[in-house]
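>>> take this sequence and fold it.
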Amino acid sequence: MKITIIGANSYIARNLIYYIKSRYKDVDLRLFDCQKRHVDEIENYKRINVSDHGSLSRADLKCDVIFIFTGKTGSAAGFDDADTFIDLNEKSLLHILNEYRKQKSEAKIIYPSTRLVYKGAEKLLKEDDEKEFRTIYAMNKYACEWYLKQYSRAFAVKYCVLRICVPYGSMIKGASCSGTVEFMLHKARNRKNITIYGNGQVKRTLTHIEDLCSCMYAAALSDKCVNDVYNIDGEIYSLADMAETIADQFGTGVDYISYPSLEGCIESGSTIFDGTKLNSRIGYVRVHTFTEWCENQCVKE
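Coordinates of the predicted model:
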């Protein structure tokens, strides 16, 4: 099995690499990103620039599976930096897809998407439920989902889109995301109250990074997960419950404040995933719980 990972220094990619290397010794990993070296000093790493066609040609796409983790995340930031968001999210994928064609690759592409493509609702969201794009980033990700579909129709590119809600945790020391859970944990560890906009009753699906990597790898290898979109599920928590669970472990509190105008406009509402479609194909069984993880964070202190 030969796997290429583009964007190998990202939070999810680093954990996925650890997950694969610690369990599947016969997998040949080829890693690519824009930095000079791989942050975890993993071998078979090359520096590339996905915006430069000559540089991108150095990426080995004639393999079994390609994971794509390139891009720029963020909500409000996209309005002030639209060019970068479009270049690094949409154009980078198009460059990779065209290089895929040049190399006559037959690899299956695994592409992570986001909860932010959905219109929020107080129900479990299925993959074909109503969409709404409140940020540049959300629009970028949905556009990329459609680019993959278009290239699949026109050039027989094989792909699998995996929508992720809120990942948390890490299997690697120092590898953390800059999302909701890490924000709360950072506040609590520094003995500060966690701040929540509004009443905190909007809900999210939380997925531990090991469970996330397990799902992604299983989907990559499954012949049942091809040319389609899948939600990765987990546990359902309100923002208030998330904050209270973390705060209780560190003896801090939670402050509820009003939404700033922009943040209020881009808040999606509750996004909780129905993962039945993916689970039925890969037989996914969740290993971690958010409560157990929170307790372990406190013990580490």
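>>> neighbouring contacts of the helix or strand of the chain with the lowest mean pLDDT?
In the chain, the helix or strand scored least confidently by mean pLDDT, DSSP states H and E is helix 290-300, which has a mean of 85. With contact meaning C-beta atoms under 8 Å, 6 or more residues apart in numbering, helix 290-300 is reached by 168-169, 185, 189, 206, 208, 235, 237, 242, 245-246, 249-250. For glycine as for every other residue, the C-beta is placed from the backbone atoms N, C-alpha and C.
>>> 7 Å instead, please
168, 169, 185, 206, 208, 235, 237, 245, 246, 249, 250 (C-beta atoms under 7 Å, 6 or more residues apart in numbering).
>>> could you measure from the closest residue to residue 208 other than its chain neighbours over to residue 211?
Nearest non-adjacent residue to residue 208, counting by C-beta to C-beta, 6 or more residues apart in numbering: residue 288, 3.6 Å away. The gap separating residue 288 from residue 211 is 6 Å, by C-beta to C-beta, to the nearest Å.
>>> contacts only, for residue 126.
Contacts of residue 126 (C-beta under 7 Å, 6+ apart): residue 274.
>>> and the contacts of the helix or strand harbouring residue 215?
With elements taken from DSSP states H and E, the one containing residue 215 is helix 209-221. Residues external to helix 209-221 that are found in contact with it (C-beta under 7 Å, 6+ apart): 12, 15-16, 19-20, 65, 108, 110, 160, 162, 164, 167-171, 225, 230, 232, 234, 278, 282, 284, 286-288.
>>> with stretch 153-160 instead?
With contact meaning C-beta under 7 Å, 6+ apart, stretch 153-160 is reached by 97, 100-101, 108-111, 148, 151-152, 219-220, 225-228.
>>> which of those residues are buried?
97, 100, 108-111, 148, 151-152, 219-220, 225, 228 (16 or more other C-beta atoms under 10 Å).
>>> before we move on, the earlier item: then the helix holding residue 215 to CSV, C-alphas only?
The C-alpha coordinates for helix 209-221 follow below in CSV (Å, rounded to 0.1, in the frame of the first residue of the first chain):
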residue,chain,number,x,y,z
ILE,A,209,-8.6,12.6,16.6
GLU,A,210,-7.9,8.9,16.9
ASP,A,211,-11.5,8.0,16.0
LEU,A,212,-11.3,10.5,13.2
CYS,A,213,-8.1,9.0,11.8
SER,A,214,-9.6,5.5,12.1
CYS,A,215,-12.6,6.6,10.1
MET,A,216,-10.5,8.4,7.4
TYR,A,217,-8.2,5.4,7.0
ALA,A,218,-11.0,2.9,6.8
ALA,A,219,-12.9,5.0,4.3
ALA,A,220,-9.7,5.3,2.2
LEU,A,221,-9.4,1.5,2.0
